[in-house]
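[1] Have a look at this prediction, sequence included:
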There are 4 protein chains.
Amino acid sequence: MDKAFFLHLLEPNLKKPILVEGLTGLGNVGLIAARHLIEVTSAKLFAELYAPYFPDYVTVKKDGICTPPCYRFYAAKTEKNHYIILTGDSQPPMEDTQGYYDICDEILNFAEKQGSKFIVTLGGLSTSNATNEVYIAATSEKLAQKHLEKGAKIYSGGKIVGTTGLLLGLAKNRGWKGICLLGTTTGFGPERGVALSVFKTLTSILEENVVSGTTEKPKKTQNINNQYKPEVT
Amino acid sequence: MDKAFFLHLLEPNLKKPILVEGLTGLGNVGLIAARHLIEVTSAKLFAELYAPYFPDYVTVKKDGICTPPCYRFYAAKTEKNHYIILTGDSQPPMEDTQGYYDICDEILNFAEKQGSKFIVTLGGLSTSNATNEVYIAATSEKLAQKHLEKGAKIYSGGKIVGTTGLLLGLAKNRGWKGICLLGTTTGFGPERGVALSVFKTLTSILEENVVSGTTEKPKKTQNINNQYKPEVT
Amino acid sequence: MDKAFFLHLLEPNLKKPILVEGLTGLGNVGLIAARHLIEVTSAKLFAELYAPYFPDYVTVKKDGICTPPCYRFYAAKTEKNHYIILTGDSQPPMEDTQGYYDICDEILNFAEKQGSKFIVTLGGLSTSNATNEVYIAATSEKLAQKHLEKGAKIYSGGKIVGTTGLLLGLAKNRGWKGICLLGTTTGFGPERGVALSVFKTLTSILEENVVSGTTEKPKKTQNINNQYKPEVT
Amino acid sequence: MDKAFFLHLLEPNLKKPILVEGLTGLGNVGLIAARHLIEVTSAKLFAELYAPYFPDYVTVKKDGICTPPCYRFYAAKTEKNHYIILTGDSQPPMEDTQGYYDICDEILNFAEKQGSKFIVTLGGLSTSNATNEVYIAATSEKLAQKHLEKGAKIYSGGKIVGTTGLLLGLAKNRGWKGICLLGTTTGFGPERGVALSVFKTLTSILEENVVSGTTEKPKKTQNINNQYKPEVT
């Protein structure tokens, strides 16, 4: 294996799906938020991405079954939107910049074939004093401004490292639109509280159909929030 | 050399050979067990794999002859099975994950051309108190469970690093079946005792023909055990 | 993305443009000098270079808009010369030598298509006692000697690391001509003073049309120096 | 530049040239010995090898001219043999094993096109107490034994790192014959004394035409030794 490759498990038949990324990282904010989304939308695993940039080990579960590191793609359909939700247990080593660039391009190629042109990436933002605040960056100023009313603040000046940042930036280079939601975290252990804040901002934005720019109140968002049982109080 | 390449020394004419891997690593458990198998089956060296992922030196033996690092493939035939036994003196540097992925794919491509669809990888499992126990991981729960009667315990939760893990995981991705046997070791020096335990579990499993699922008592296993002179008491 | 790629924004229609490079580095001497040149020549951004060798993050500006690291190419036309001015916010990690070689080749390929055969690279030279002196290295002894009258001293023996050095060296291998101007810097913070000295030497040399070897007094240089408002006194 | 490439300066018209390698390394033993050979044979520079594995800088000489790192190939003809002498100022970073493998393959491809099938690599061997002894390793036991009478001892067990080792090992894999001569060195500074010992063993072996296996006394060797003015007494 000298290139990333995809295992296709199902044909999801998605229409203009929004690509939502939440991977391991600072406080696992993105990962936890993405898993919430998978749960509430009853998303189905439909593809796996393996790549030589991942760590060279297999993980063994309690039943003794081994699996190499991979990214997983889940398909979901709500009344408002179709989604591709990208999550996974591992990331390439931080110093492997070529791995990050290549894997991000593979992901965007894959999502484009499914019809994606809009992306939301989810991650953590390191602070000394976590306040459950959510920051937003975007591919355009208009998009960033649009969501201030949802409780997100503009992330005005800094870096977004790894897949969460690069995927958004490379999508922008292809003419996609998209946003990044960053939950503030001290980075000690999984941060379920702020991940929940990120998730709420996410559903508030997406299920009100910001992608097509309409503002009518979504019904599905209510369903999602009702369905959802937070793991933290 | 920008890719792995094979030196073909003999045409082994194997039928559905089981690929058995035992390389350098923790306590050299896998290496020693694989060498036992080569010895008792009188396996013949039939191919060598060179790759730009190996260290950039040559080893010089007592007679002054130099050889670059390589993996070696031995062919063996017993009454029960045909084998490709993979062993070698070196491994890529731990941080070269792309090297591990590429070399594992090359090995699986090579073994598939020989007809392999079943793999056994052998390695060490780090413990503070080595007890000669053997743990098993597998490509399916059924396979892992099947061998508990042979004295192996389920390796329930953890990682298997390097070729021993990745080769099994990537084989699973191709639809192969296979198991990994891990001998517990403190990792200080070569661990012949636990390597012997791994070897015994290996022959107990393979020579009773678990691959095709039959359960009749093998004759060859007896021969092997009689033939075998352990180096530890 | 497994290779560098260019975003073409404008068609600059340049004739035999001089490639001037000034990137981040020691005291940001080259970067500041290149930005001066962009300013005084009212150069236009016409292309961006993205590459998997850049860091794996996006930078977010005050308005919340994210951008991956890139090199930027500006086109300028004076009465004397056409210019491609290369600048950027990031560089590949120092240890990624293959990244540097590949990106330098891509830059030279790109500039050759625009008609470039002459290069000027700008950088800093580490000293314990910065004296605003400017040193020159070149692709030929003749070229190095030619500019001593402009106040530059011969950089006689040493290394020029990164893009500033390699771009000049690889251009020489292709038969280009070119020079490197190095401002002495202690490397603490941005060095506007010495960057100004480098810029003055640069315009003194280029706008007197050293490339074609003529020596008549340029009018444009006067304009540039009049136009120019230095940021340091 | 994503691959090594050659600048061809002259057409040397060599017949079955012996490839002699002496590069930077432990005590620069190989480098100094190769330079001696270039001097006494009046060898001519005929090709340069550039590669993205070399360091990302240019060296600037006293006249201000910059040059990227490269390997240089010199052609020499004596009454006994034709030679390609490989030397250079830099090597890839030690950890870039893929760089070493690729560059060694490029060198062997290049030398094969010139007709080479025999190689001599020269290097240093680290000892705590340098004794000017020369050790030999080879592609076959016969070749190693053959030269014991020349004062070289068998290097019986160990590693030869970098180009000096790998070039010999990969040449052996292609069916070449060859030897490595290692001068013992403490590794502090350039070791001219032991480099001279290596050079003497080299000319004693090569100019007595060991390659074709004849044993008659060469005239040219006498010339060389007469011509040769050692830099150490």
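    In hand now; what should we look at?
[2] for chain A, which helix is longest?
    helix A:97-113 (DSSP state H).
[3] Does that one pack against any helices or strands, and if so which?
    strand A:18-22, strand A:44-50, strand A:71-77, helix A:162-173 (3 or more C-beta pairs under 8 Å, 6 or more residues apart in numbering or on different chains; DSSP states H and E). The way it works is simple: take the backbone N, C-alpha and C, and place the C-beta from them, glycine included.
[4] residues contacting A:Tyr71?
    Residues near A:Tyr71 by C-beta atoms under 8 Å, 6 or more residues apart in numbering or on different chains: A:Leu23, A:Glu48, A:Leu49, A:Ala51, A:Leu86, A:Thr87, A:Gly88, A:Ile103, A:Ile107.
[5] what are the bridge partners for it, then?
    Note on A:Tyr71: beta-bridge partners A:Leu49, A:Gly88, judged by DSSP bridges.
[6] Quick one: neighbours of A:Ser42, just the number.
    11 (other C-beta atoms under 10 Å in any protein chain shown).
[7] Look at it and tell me its secondary structure.
    Secondary structure state of A:Ser42, per DSSP: H, G, I helix; E, B strand; the rest coil, is coil.
[8] quick one: A:Asp2 from chain C, how far?
    10 Å (C-beta to the nearest C-beta, to the nearest Å).
[9] Contact residues of chain A facing chain C?
    Taking C-beta under 8 Å from any C-beta of the partner chain as the contact definition, chain A meets chain C at A:94-95, A:97-98, A:100-102, A:104-105, A:136-141, A:144-145, A:154-162, A:165-166, A:168-170, A:172-173, A:180.
[10] returning to what we had before: and the contacts of A:Tyr71, which is closest to C:Ile205?
    Of all the contacts of A:Tyr71, C:Ile205 sits closest to A:Ile103, with 44.9 Å by C-beta to C-beta.
[11] Contacts only, for the closest one.
    A:Ala4, A:Leu49, A:Ala51, A:Tyr53, A:Tyr71, A:Pro92, A:Thr163.
[12] quick check, nearest of the contacts of A:Tyr71 to chain C?
    Nearest to chain C among the contacts of A:Tyr71 is A:Ile103, at 9.6 Å by C-beta to the nearest C-beta.
[13] if we can go back for a sec, can you turn the buried part of the contacts of A:Ile103 into a PyMOL selection?
    Buried residues within the contacts of A:Ile103, by 16 or more other C-beta atoms under 10 Å in any protein chain shown, are selected in PyMOL with:
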select buried, chain A and resi 4+49+51+53+71+92+163
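[14] With pLDDT added, can I get the contacts of A:Ile103 in CSV?
    Shown next, in CSV, are those (pLDDT from 0 to 100):
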residue, pLDDT
A:Ala4, 89
A:Leu49, 97
A:Ala51, 94
A:Tyr53, 93
A:Tyr71, 97
A:Pro92, 88
A:Thr163, 95
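[15] The residue lying farthest from the centre of chain A: what's it in contact with?
    No residue in chain A sits farther from the centre than A:Gly64, which is 29.3 Å out by C-alpha atoms, centre = their mean. A:Gly64 sits next to B:Ile136, B:Ala137, B:Ala138, B:Glu141, B:Ala144, B:Gln145, B:Ile154, B:Tyr155, B:Ser156 when contact means C-beta under 8 Å, 6+ apart.
[16] Please repeat the previous calculation with a cut-off of 10 Å.
    B:135-141, B:143-145, B:147-148, B:152-157, B:179-180 (C-beta atoms under 10 Å, 6 or more residues apart in numbering or on different chains).
[17] ok, now how distant is the nearest residue in space to A:Lys117 that is not next to it in sequence from chain D?
    Nearest residue to A:Lys117, sequence neighbours excluded (C-beta to C-beta, 6 or more residues apart in numbering or on different chains): A:Trp176, at 5.3 Å. A:Trp176 sits 28 Å away from chain D when distances are taken as C-beta to the nearest C-beta.
[18] Same question for A:Gly123.
    31 Å.
[19] That residue: how many residues sit nearby?
    30.
[20] these two touch, right, it and A:Ile136?
    No: applying C-beta atoms under 10 Å, one finds A:Gly123 not in contact with A:Ile136, separated by 11.5 Å.
[21] between these two, what contacts are shared?
    Common neighbours of A:Gly123 and A:Ile136 (C-beta under 10 Å, 6+ apart) are A:Cys180, A:Leu181, A:Leu182.
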